[in-house]
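Asks: next come a sequence and a model predicted from it.
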Amino acid sequence: MVNSSQFPYFILTAYLDMGYLKYLYFVIVLTLYIVIVVANALLIVTICMKRSLHEPMYVFLCSLLVNELYGSAGLFPFLLQQITSDTHTISRSMCFLQIYSLYSYSCGELCNLAVMSYDRYLAICCPLHYKARMTSNKVALLIAAVWLYASVESLGCIILSTSLVLCGNRINKIYCDNFPVVKLACSDTTVNNAYGVLATILAVAVPLISILFSYTKILRVCVVGSKETRQKAVSTCSPHIASLINFSFGCCFEIFQSRFNMTGVPRILRIVLSLYFLTIQPIFNPVIYGLRLSKIRQILSLYYVLM
């Protein structure tokens, strides 16, 4: 048995030999990161500065956009450094820090979408009691619960994984992931595997059940409600549904890829799809919400005219 202290770093083996193309990839990734930061920051500032947007729906959206910046910060600077490096290694401590960052981002994404769907459920199904039930204190409590839930749920994986004795340090990924680290263990991983299943249920199934409940109620109201009710539901809920579908697709592929043999899928496609939910979602959300929510679209159009 090899003591894990002999591995102060991990080797990321999924990187291809890019040659001089690495500088092109660097520019592409850097441009994407700049666009993500600018787009999300612009919407966050807009929501914070305009009092007309100080409504629960937009406050929850602001939390979602902050989560996009948080997740991007856990990935993009690391990718930029790795693209230009000839030795694709990461220290043990930084690896677990990245795992925590990306896991808490993923859990936080679904939890934010769950809270947003609950808000739309109250607004559409209980319009007369909406303001009484969705108070500013409740909004703050829900946002705090989302971030705390994501943090604690992800911390459990890190605590269990850092105590493992490892027999190797080669991870077939372009960023650190918990499951490949667990597979390197020489020691018993029964607890890790059990918690991994539990963590997946807590991070994915619980928010999705909440979202499904909210939209089932909304759909029932739309079926029997007025045309105005249906239009309100479509205009405010369609960005949430589009965001959920986009993120769920990337998450499902990453979960399947981590736990099942997918060698039949081309290597470059596996790399691209493993990055999908971490790179596309942070740019998808500000675009879809900026275009679909009329209040934000009108304010941004006004800013454009004034400039």
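Replies: Good, I have the coordinates.
Asks: going by C-alpha atoms from here, please, whenever you check contacts or count neighbours.
Replies: Will do.
Asks: low-scoring stretches of the stretch 201-307 of the chain, by residue?
Replies: Residues of the stretch 201-307 of the chain meeting the criterion pLDDT under 70: 261-263, 292, 294-295, 297-307.
Asks: can you map out the helices along it?
Replies: Taking DSSP state H, counting those that start in this stretch to define them, one finds helices in the stretch 201-307 of the chain at 206-224, 227-259, 267-279, 281-292, 294-306.
Asks: one more: the stretch 51-200 of the chain?
Replies: So, for the stretch 51-200 of the chain - with DSSP H, counting those that start in this stretch - the helices run 56-83, 92-125, 130-133, 136-162, 178-183, 190-200.
Asks: about what we covered before: out of the helices of the stretch 201-307 of the chain, which gets nearest to residue 97?
Replies: Go through these one by one with Cα to Cα and the one that ends up closest to residue 97 is helix 267-279, at 15.9 Å.
Asks: what comes into contact with the closest one?
Replies: Contacts to helix 267-279, defined as Cα atoms under 8 Å, 6 or more residues apart in numbering, come from residues 14, 71-72, 75, 173-174, 246-251, 253-254, 257.
Asks: give me the buried entries from these.
Replies: For the contacts of helix 267-279, a neighbour count by 16 or more other Cα atoms under 10 Å gives the buried set as 14, 71-72, 75, 173-174, 246-248, 250-251, 254, 257.
Asks: if we can go back for a sec, turn the helices of the stretch 201-307 of the chain into CSV, including distance to residue 33.
Replies: As requested, the helices of the stretch 201-307 of the chain are arranged in CSV below (distance: least, Cα to Cα, whole Å):
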stretch, distance to residue 33
helix 206-224, 27
helix 227-259, 18
helix 267-279, 8
helix 281-292, 9
helix 294-306, 21
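Asks: tell me the most buried of those helices?
Replies: Ranked by mean neighbour count, the helices of the stretch 201-307 of the chain are led by helix 281-292 with a mean of 21 (mean count of other Cα atoms under 10 Å).
Asks: show me what that helix is in contact with.
Replies: Applying Cα under 8 Å, 6+ apart, the set of residues contacting helix 281-292 is 35-36, 39-40, 43, 65, 68-69, 72, 235-236, 238-239, 243, 246-247, 296-297.
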